[in-house]
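J.: Sequence first, then the predicted structure:
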2 protein chains.
Amino acid sequence: MSKYHTVLNQSGLKATNQRLGILEVLRERGHSAIDDIYQRVKKHHPTISLATVYKNIEVMVERGVLLEVPIAGRKSQYEIKKRDHIHLICLECGSVMDEMIEAIPQERLAQVAQRDDFLLSSSQINLYGICHNCQASI
Amino acid sequence: MSKYHTVLNQSGLKATNQRLGILEVLRERGHSAIDDIYQRVKKHHPTISLATVYKNIEVMVERGVLLEVPIAGRKSQYEIKKRDHIHLICLECGSVMDEMIEAIPQERLAQVAQRDDFLLSSSQINLYGICHNCQASI
DNA sequence: ATCCTTGCAAATGATTTGCAAGAGT
DNA sequence: ACTCTTGCAAATCATTTGCAAGGAT
């Protein structure tokens, strides 16, 4: 019984090969857009349909297994939900890197929200720029 | 010669009524998705086409007149570019509020980027939760 | 055994494109 | 005058839906 098998069942979802395939791709890749996930899962599950990928991404986001990372000027990427972190998004190659969020105290964000009597539920920080690799190659 | 007329010309764009209409809607509303902009501009410019709105949003984002605000689970919204700020996004009604960014020191963000040798160009902070109005009405 | 999930194909929705006519500089 | 921009209609691309067959619990 794999780790993701358990995660899915605990979220009220059946652990189908298609779902496990999507999670395995995201574990390997870190972040991917829907069509990229589809292309990669197909290598192991040639019969999976794009509609199935859409349906599963949707339900897994709903249940909190996955997180959507919306990105300016591109399609959203998806990742397995883990503890909060910052995204460094390369404007050149589109790659997404994670960085731990401790640098930004959560209390600060909570204070900002309180100013407007806003009930904070989650936060999302994206930094846009040029990654190490692309700086070298431009 | 209106303020936006000048902004457009300085960005190398002709100040057409359609563009001024879009900017006027965004000035009034703060943030809007494309179809919402279209519906509102149409009131003053009944002949404007949706394709024109798309083309203009695209070129004005390219030239830095507008900023795209990508939002998890919804369509992107657009706003007139002003100094950096945080977005408070209501999960209930979809409204977007601005808050000044001083609460989050830019140096902190720069430090995080430096850890990965990432050349920072801009940042985007979204806080998701329930706005004051919706807290009252649920 | 039951209910959830899949894959297909069709439907819908969103965005982009090409081009002749019109508007801004 | 020149060039950029518009509006239209068509093309393309992205996403959703309905449903019968198959799979997980």
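T.: Received the coordinates, thanks.
J.: The residue of chain A found nearest chain B and residue B:100: what is the separation?
T.: The nearest approach of chain A to chain B comes at residue A:70, 3.6 Å away (Cβ to the nearest Cβ). Just so you know, the C-beta spots here come from the backbone N, C-alpha and C atoms, and that holds for glycine as well. Taking Cβ to Cβ, to the nearest Å as the measure, residue A:70 falls 22 Å from residue B:100.
J.: out of those two, which sits in the busier spot?
T.: residue A:70 (21 against 12; other Cβ atoms under 10 Å in any protein chain shown).
J.: wait, what's in contact with the more buried one?
T.: A:76, A:124, B:70-72, B:76 (Cβ atoms under 8 Å, 6 or more residues apart in numbering or on different chains).
J.: go on, residue A:25?
T.: Neighbour list for residue A:25: A:32, A:37, A:40-41 [criterion: Cβ under 8 Å, 6+ apart].
J.: So which of those sit within helices?
T.: By the criterion of DSSP state H, membership of the contacts of residue A:25 in helices covers A:37, A:40-41.
J.: which one of those residues sits closest to residue A:63?
T.: residue A:37 (17.0 Å; Cβ to Cβ).
J.: unless I'm mixing things up, residue A:133 is touching residue A:93, no?
T.: Yes. Judged on Cβ atoms under 8 Å, residue A:133 makes contact with residue A:93 at a distance of 7.0 Å.
J.: which one is the residue of chain A closest to chain B nearest to, not counting chain neighbours?
T.: Using Cβ to Cβ, 6 or more residues apart in numbering or on different chains and skipping the chain neighbours, the partner closest in space to residue A:70 is residue B:70 (3.6 Å).
J.: any idea how far residue A:117 is from that neighbour?
T.: According to Cβ to Cβ, residue B:70 stands 25 Å off from residue A:117.
J.: Show me the helices in chain A, by range?
T.: A:3-10, A:17-29, A:34-44, A:50-62, A:106-115, A:132-137.
J.: Just the CA trace of the second one, in PDB.
T.: In PDB, the C-alpha atoms belonging to helix A:17-29 read as follows (Å, rounded to 0.1, in the frame of the first residue of the first chain):
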ATOM      1  CA  ASN A  17      -3.800   3.700 -11.500                       C
ATOM      2  CA  GLN A  18      -4.600   6.900 -13.300                       C
ATOM      3  CA  ARG A  19      -4.600   9.000 -10.100                       C
ATOM      4  CA  LEU A  20      -1.400   7.200  -8.800                       C
ATOM      5  CA  GLY A  21       0.200   8.000 -12.200                       C
ATOM      6  CA  ILE A  22      -0.700  11.700 -11.900                       C
ATOM      7  CA  LEU A  23       0.700  11.800  -8.400                       C
ATOM      8  CA  GLU A  24       3.900  10.000  -9.500                       C
ATOM      9  CA  VAL A  25       4.500  12.400 -12.300                       C
ATOM     10  CA  LEU A  26       4.000  15.400  -9.900                       C
ATOM     11  CA  ARG A  27       6.300  13.800  -7.400                       C
ATOM     12  CA  GLU A  28       9.000  13.500 -10.000                       C
ATOM     13  CA  ARG A  29       8.500  16.800 -11.600                       C
END
